[in-house]
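Participant: Fold the following for me, if possible:
(2 chains)
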Amino acid sequence: MPLHGTIDFLTARNWEEKGSNFFDEVTKFLSKTLNVKFVFIDQYNKENRHHVDSISMVENGHNIKNISYRLKGSPCEQVVRGNYCHYKQDVQKLFPDDKILTDLNIASYAGAPTFSSSGEINGLVAIMHDDLIDNPHFEPMLKLFSSNIGGQIEAINMREGLKGARQLQAQSMKVLDLHTIISTTDKSGKILYANDMFCEISGYSREELIGSDHSILKSGEHNRLYYQSLYKTIVSGRTWNGDFKNKRKDGSYYWVAATIQPTYSRDGDLDGYITIRTDISKQKEAYYEIEQESVAKDHFLSNISHELRTPLNALMGYAQLIDIGPLTSEQSKYITGILTASDQLIERIDQLLSFEHDIVQAEGFCALKPCLDAVLETVTPLIQASKIQLYLDVASDVLVNVSDKNLRSILSNIISNAIKYNREEGKLAIQAKQVNNDFITVYIKDTGIGIPEVDQAIIFQRFNRGRNANSRIAGNGLGLSIVKELIDKIGGSIECKSDGASWSEFILNFPCEVPSP
Amino acid sequence: MKMLYIEDVALNAQVLKLLVERLWKTSLDIAETAEEGLKYIAMNNYDLIYMDIDLPGMNGIEATLEIRRRYNATTLPIIMVSADALSKSIMAAQKAGANDYITKPVKLGQLKDKTEKLVFHTHHGFQVPNIHL
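Facilitator: Just a heads-up that it's a prediction; the model follows:
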């Protein structure tokens, strides 16, 4: 056995100079040295581990085209299980399903698995011959080469993986470059890299940007504290996110959303920063427009309020003067009517306005029963006019955590709806139950037209009157949204149930204070 | 008791005048502009000023600031009487030195309480009016 030749071959490693590769040289060398017809090196197929692909194949000392085949039923299947295999003759009989053996008229086979550095089988090296082979050197030779081949297979796979990763990184960088403004700086903030987007948006050339400091973009919009907090964040190694108004070379402005990330040297020292920015000028513009519209709307509503209050001032003023008396009982009733209607009008105006501003009030405790009684008193004429039957089941000692004014507003809204949408001679039931130590539930049920399921979800939204949008029943679609806001604010909840035709029920949960015994 | 109402809308002025007469059997002086009002204040010894905000020329907030340069809140209380119910207007009035704020339409009870508190009980704290805003 030409051991010296083998050692020379493996140590020379001059295949690259010959413009060839390791695998092709190995197969040729083995074919010549062992004097066999076929030598091949396979690795597992990357997608399907039931198949192998040849990396190099030699027939009669010459490299031929690589093949791919299924392991099942082949002698190679035995090899990749981890064993050196040697079939001296009649290999076709042993593996009748292997078409390749038949096609190439193979008589004998020997093969050894190849291993990666971590010990996994990653392929095989094998020989085939058209005659009997029985040579004790085959096994050590194939085993000797298999260890080298395994390492080389691993190396080419890693090189390919690295190449793929590099390609992906390059592609990602390209996309990122096209989409965002990117710059890097050293530790002191001096710009080291500026991409095309940065040059384009800032109006500065790359030469002007590199070597200077991001402060050339300062617009004066942000105060010293803003920059201080940014600086504090990034020097401590954390990522900073925020918006900047920047100034172009021509003096115009643009807005960016920025992310600044510290970068580190191999030794782990902070050595600079990478900044990625997105142009958000359009969004900022839209935001300012909306803000202006909102100011205009506020102004409009406050004007309406002002215009309505002025004539009402005279109306209510004179009515109050008359009300001082003396009056006949009839006159007194009429004046009370005028004043009540005026109060309602003012309340409506306040409701409209209260959307645009936070409702300011100190919430306190309020007894449910007297408040409910007061509300019911105001609607008694309506109840009587529609001949509605009232059922009341409310204990007198319950306190709820809401101001008297808001509780009145909540109850009055729900109860007047229950009357407004009720039928003639219908029913109205109001029941209060202590569900636990923290909540009181008030059920207000009517026998009215009901609320269709589709509307149940939206009736608490502003300006939404559900299917009553065009109905002749008066309303501005604000009442229930106000109720919900008021209840949400005190930590309660409201829901509605209805069959959509003949009844509806509002269930109100109020945080409550149980009177101490 | 001697009081002044600075209000440019005659109808509003007349209503408050009547209410004041009914409540305290006292007359109410009316000035149609802030400038005129300041002149009246210099010449008379008022117990309290009712002040509209929306006035031609100098507005009610500016007039309040002007009055506060000469008289403190104890010497000459000011109640703003305005159709402006926005919380920011109420804050502005408070900042300018008004003692209290009444939103139009004027309610008899509120007028009585707030005025008597200031005139008879030397109460000078600004109370946020009982409205939604």
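
Participant: Give me the nearest residue to A:S54, chain neighbours excluded.
Facilitator: Sequence neighbours aside, A:N66 is the residue nearest to A:S54 in space, at 4.4 Å (criterion: Cβ to Cβ, 6 or more residues apart in numbering or on different chains). Using the backbone N, CA and C atoms, a C-beta is placed for each residue, glycine as well.

Participant: Which strand or helix spans the one you found?
Facilitator: Following DSSP states H and E, there is no helix or strand that holds A:N66.

Participant: residues in contact with it?
Facilitator: With contacts defined as Cβ atoms under 8 Å, 6 or more residues apart in numbering or on different chains, A:N66 is in contact with A:D53, A:S54, A:I55, A:S56, A:M57.

Participant: Of these, keep whichever come out buried.
Facilitator: A:S54, A:I55, A:S56, A:M57 (16 or more other Cβ atoms under 10 Å in any protein chain shown).

Participant: Going by distance to A:W240, which of those wins?
Facilitator: Nearest to A:W240 among these: A:I55, at 50.3 Å, using Cβ to Cβ.

Participant: Next secondary structure after the host helix or strand of the closest one?
Facilitator: Assigned by DSSP H and E, A:I55 belongs to strand A:51-59. Counting by DSSP H and E, the next helix or strand C-terminal to strand A:51-59 is strand A:62-63.

Participant: List, one by one, the residues from chain A near chain B.
Facilitator: With Cβ under 8 Å from any Cβ of the partner chain as the criterion, chain A comes near chain B at residues A:298, A:302, A:305-307, A:309-310, A:312-318, A:320-321, A:323-324, A:342, A:346, A:349-351, A:353-354, A:357-360, A:405.

Participant: can you tell me if the top helix by length along chain B touches chain A.
Facilitator: Secondary structure of chain B read by DSSP state H shows that its longest helix is helix B:10-24. Yes - using Cβ under 8 Å from any Cβ, helix B:10-24 comes into contact with chain A via B:L11, B:N12, B:V15, B:L16, B:L18, B:L19, B:R22.

Participant: Just the closest residue of chain B to chain A, please.
Facilitator: With Cβ to the nearest Cβ, the shortest gap between chain B and chain A falls at B:V15, namely 3.2 Å.

Participant: isn't that residue right up against A:L315?
Facilitator: No - the pair B:V15 and A:L315 fails to qualify as a contact (Cβ atoms under 8 Å) at a distance of 9.1 Å.

Participant: Counting neighbours, go ahead and name the busier of those two.
Facilitator: Comparing B:V15 with A:L315 by other Cβ atoms under 10 Å in any protein chain shown, the one with more neighbours is B:V15, at 23 against 18.

Participant: elements contacting the helix or strand of chain A with the lowest mean pLDDT?
Facilitator: For chain A, counting by mean pLDDT, DSSP states H and E, strand A:366-367 ranks last in confidence among helices and strands (a mean of 74). Where contact means 3 or more Cβ pairs under 8 Å, 6 or more residues apart in numbering or on different chains; DSSP states H and E, strand A:366-367 is packed against strand A:399-400.

Participant: who does the strand it packs on pair up with?
Facilitator: strand A:366-367 (antiparallel), strand A:504-513 (antiparallel) (DSSP bridges).

Participant: And the next helix or strand past the shortest one?
Facilitator: Using DSSP H and E, the helix or strand that follows strand A:366-367 towards the C-terminus is helix A:368-385.

Participant: in that following helix, what counts as buried?
Facilitator: Those would be A:L368, A:C371, A:L372, A:V375, A:L376, A:V379, A:I383, for helix A:368-385 by 16+ other Cβ under 10 Å.

Participant: got a markdown table for the buried ones among the contacts of A:N66, with pLDDT too?
Facilitator: Below are these laid out as a markdown table (pLDDT from 0 to 100):
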| residue | pLDDT |
| --- | --- |
| A:S54 | 92 |
| A:I55 | 92 |
| A:S56 | 93 |
| A:M57 | 93 |
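
Participant: circling back: show me which of the contacts of A:N66 is closest to chain B.
Facilitator: Taking Cβ to the nearest Cβ as the measure, chain B sits nearest to A:D53 out of the contacts of A:N66, at 77.8 Å.

Participant: any idea how far the closest one lies from A:L124?
Facilitator: Using Cβ to Cβ, to the nearest Å, A:D53 is found at 11 Å from A:L124.

Participant: surely A:A501 meets A:I449?
Facilitator: Yes - in this structure A:A501 lies within contact range of A:I449 using Cβ under 8 Å: 7.3 Å.

Participant: Who has more neighbours out of the two?
Facilitator: A:I449 (21 against 11).

Participant: so what's that one scoring on pLDDT?
Facilitator: Among the per-residue scores, A:I449 holds a pLDDT of 86.

Participant: next one: the one 10 residues further on
Facilitator: Note on A:I459: pLDDT of 79.

Participant: Tell me, how many residues neighbour it?
Facilitator: Under the neighbour criterion other Cβ under 10 Å, A:I459 is assigned a count of 22.

Participant: Isn't A:I451 up against A:S502?
Facilitator: No - if you go by Cβ under 8 Å, A:I451 and A:S502 don't touch, sitting 11.1 Å apart.

Participant: and the residue in the stretch 401-517 of chain A positioned nearest to chain B, which of the three is it?
Facilitator: Using Cβ to the nearest Cβ, the single residue of the stretch 401-517 of chain A nearest to chain B is A:K405, 7.5 Å away. When classified by DSSP: H, G, I helix; E, B strand; the rest coil, A:K405 comes out as helix.

Participant: Check the gap between it and A:S146 for me.
Facilitator: Using Cβ to Cβ, one gets 91 Å for the distance from A:K405 to A:S146.

Participant: ok, now A:V379?
Facilitator: 97 Å.

Participant: For stretch A:125-143, which outside residues touch it?
Facilitator: With contacts defined as Cβ under 8 Å, 6+ apart, stretch A:125-143 is touched by A:1, A:6, A:26, A:30-31, A:33-34, A:36-42, A:75-76, A:79, A:84, A:86, A:88-89, A:91, A:101, A:104-112, A:114, A:145-146, A:149.

Participant: Buried only: go through those residues for me.
Facilitator: A:6, A:26, A:30-31, A:33-34, A:36-42, A:75-76, A:79, A:84, A:86, A:91, A:101, A:106-112, A:114, A:145-146, A:149.

Participant: And the residue of chain A that's closest to chain B?
Facilitator: Of the residues in chain A, the one nearest chain B is A:G317, at a distance of 3.2 Å by Cβ to the nearest Cβ.

Participant: number of nearby residues for A:G151?
Facilitator: A total of 15 residues lie near A:G151 under the criterion other Cβ under 10 Å.

Participant: again, but for B:K107
Facilitator: In terms of burial, B:K107 registers 20 neighbours under the definition other Cβ under 10 Å.

Participant: How about A:G119?
Facilitator: Around A:G119 there are 8 other residues, counting by other Cβ under 10 Å.

Participant: Same check on A:N35?
Facilitator: Taking other Cβ under 10 Å as the neighbour definition, A:N35 ends up with a count of 12.

Participant: Next: A:P113.
Facilitator: Look at A:P113: counted by other Cβ under 10 Å, it has 25 neighbours.

Participant: what sits against it?
Facilitator: In this structure, A:P113 makes contact with A:V79, A:V80, A:R81, A:G82, A:N83, A:Y84, A:I121, A:G123, A:L124, A:S146, judged by Cβ under 8 Å, 6+ apart.

Participant: go with 10 Å
Facilitator: By Cβ atoms under 10 Å, 6 or more residues apart in numbering or on different chains, the contact set of A:P113 is A:76, A:78-85, A:120-126, A:142-143, A:146, A:149-150.

Participant: same check, this time on A:A374
Facilitator: A:D404, A:L407, A:R408, A:L411, A:S412.
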